[in-house]
Every structure is written in structure tokens, then in C-alpha cells.
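> sequence unknown, structure follows:
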């Protein structure tokens, strides 16, 4: 992939992640706390918010693993048929990036409390 194309892909991914995190804040955030759901889940399970996030994230990890496995299991044409429009890849990679950003928020909040 040419540098110009890679940089454009990165910019698009970052913009998409920011949009998703902004929209999802209305759905998941409470009282202006972006990390609310992880904290509540942690209290319910008697674990840390970071561990709760890891549990939520696990489903997305498995989806990414499935895509990676498909690179070895499917021939090029079948891979293109399955993922050709790229939407599923965009969604799954974006979810992973967002979970890492949310984890970063939890960890920084812990450092600063």
C-alpha cells in the first residue's frame, strides 16, 4: 500500500472512531462519564473497570481473529467475496481501536485519581 493511501486510510479510520465514540456516548455514557458502563459492570462482577472492558472487548477480539483466520482459510476470491466491500473490516477494526481508546481513558483516570 502506498504511503498516500495508507495515510488516507488512517485519517478515515480515526474520523470514523471519533464519530462512533461521540455517538455512542449518548447511548452508553451517563452523567458525562464516558466510562460509566465499565464501572457499573465492574461493580456488579466485583472486578476492575479495566477487566470489565476486557470482557466486553473479547467478542471483538474473536471477530478479528476470525477475519485473520480467513486470510489463511479462504482463497483470495472467497476472501474478497466475504469482505469485498470492506464494511465488516472497518467495523471490527474500528471497534478494536475504540476499545483501546476507552481502556486508555480508564487507565489514565486511574493514574489521575
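Noted; the coordinates are in hand. Everything quoted here is computed from the prediction, not taken from an experiment.

> shaky segments in the protein?
28-29 (pLDDT under 70).

> and the strands in it?
Counting by DSSP state E, the chain yields no residue ranges for strands.

> please enumerate the helices of it.
3-28, 36-45, 49-73, 76-83, 87-111 (DSSP state H).

> tabulate those helices (CSV), appending mean neighbour count.
For the C-beta atoms, the positions are set from N, CA and C on the backbone; glycine is no exception. Formatted as CSV, the entries for the helices of the chain read as follows, by neighbours: other CB atoms under 10 Å:
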stretch, mean neighbour count
helix 3-28, 12
helix 36-45, 16
helix 49-73, 14
helix 76-83, 12
helix 87-111, 15
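
> gap between the spatially closest residue to residue 95 that is not a sequence neighbour and residue 27?
Distances taken as CB to CB, 6 or more residues apart in numbering put residue 60 closest to residue 95, at 4.6 Å, once the chain neighbours are dropped. Relative to residue 27, residue 60 is positioned 17 Å away (CB to CB, to the nearest Å).

> before we move on, what about residue 41?
Residue 41 sits 15 Å away from residue 27, going by CB to CB.

> same check on residue 45?
Per CB to CB, residue 45 is found 21 Å from residue 27.

> with residue 96 instead?
19 Å.

> quick one, what contacts residue 56?
By CB atoms under 8 Å, 6 or more residues apart in numbering, residue 56 lies in contact with 37, 38, 41, 99.

> now do stretch 39-52: distance to the chain's middle.
In this view, stretch 39-52 has its centroid 18 Å away from the chain centroid, taken as CA atoms, centre = their mean, to the nearest Å.

> which residues are in contact with it?
33, 35, 38, 55, 56, 103, 106, 107, 110.

> distance to residue 71 for those residues - can I get that in JSON lines?
Listed next are the contacts of stretch 39-52 as JSON lines, based on distance: CB to CB, whole Å:
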{"residue": "33", "distance to residue 71": "38"}
{"residue": "35", "distance to residue 71": "33"}
{"residue": "38", "distance to residue 71": "31"}
{"residue": "55", "distance to residue 71": "26"}
{"residue": "56", "distance to residue 71": "25"}
{"residue": "103", "distance to residue 71": "26"}
{"residue": "106", "distance to residue 71": "31"}
{"residue": "107", "distance to residue 71": "31"}
{"residue": "110", "distance to residue 71": "36"}
